[in-house]
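# here's a sequence, model it:
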Amino acid sequence: MKTDKGRFSRHSFPRLLVLVPHRDVRLPMRAWSGSLFAAGLPGAWSFPWVAPLAALASPLPEAELKSLAHALREHSRPNGGKFTAGPSAFAQLPFATGGKPAFAFGPSLDVAFPSAFFAIEDSAPLKQILPVVLGAALAYDPPPDGLPAPPQISFRASALAVMRFRPLPLGNKCVGGYQGELSFEWEIGKLHWLPK
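Predicted coordinates for the structure are as follows:
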């Protein structure tokens, strides 16, 4: 869920550089998240439909985000600027709860980066998150068998943004035999669209 910006401004939360697809991608991803939940994946609604690219040690200036968006578009032009989803995969996120690492789960994306993309001038380097997946769920354990295949999607229109997030603990509650964080709150900052 998106949250009030004021709640995040008073606290320090992990930050991610994320690739945000055009809103047309949300419909098939929303349907897939629903089918994942119905198939028994408890965290299927716990991650936004964005692709985490890197963990940030500090905020990125707007000029850097614009520069990264331009560099990523130029590097993707040989493919027509298109990003295509493939098989589902897990990408480890930069936090753990109860000693267990958390993963974004979703279709893998064929994103190729310029060689200097994760080395920002005058800033701490970005810690790349691999593989690149378009998030549809938050997972702490291997998924159950028999999950539906991800949707076959591709998109050109996309933006870079900084996302801040945190898991919402359940305390001692156990939901559906699953102990851990199932809810997640996030804030996605200003979108920096990749140029046409």
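
# and the helices in the protein?
5-9, 26-38, 62-76 (DSSP state H).

# which residues does the residue nearest to residue 191 when sequence neighbours are not counted bridge with?
The shortest distance from residue 191 to any non-neighbouring residue, by Cβ to Cβ, 6 or more residues apart in numbering, is to residue 159 (3.8 Å). Just so you know, the C-beta spots here come from the backbone N, C-alpha and C atoms, and that holds for glycine as well. Beta bridges link residue 159 to residue 20, residue 193 when assigned by DSSP bridges.

# right, and residue 90 touches residue 135 too?
No - with contact defined as Cβ atoms under 8 Å, residue 90 does not count as touching residue 135 (10.5 Å).

# of the two, which one has the most company?
Counted by other Cβ atoms under 10 Å, residue 90 and residue 135 do not tie: residue 135 has more neighbours, with 25 against 18.

# list the contacts of that one.
Counting by Cβ atoms under 8 Å, 6 or more residues apart in numbering, residue 135 makes contact with 47, 48, 49, 50, 51, 52, 104, 105, 106.

# ok, now with 6 Å
47, 50, 104, 106 (Cβ atoms under 6 Å, 6 or more residues apart in numbering).

# got phi/psi on it?
Backbone torsions of residue 135, given as degrees, to the nearest 10, read phi -60, psi 140.
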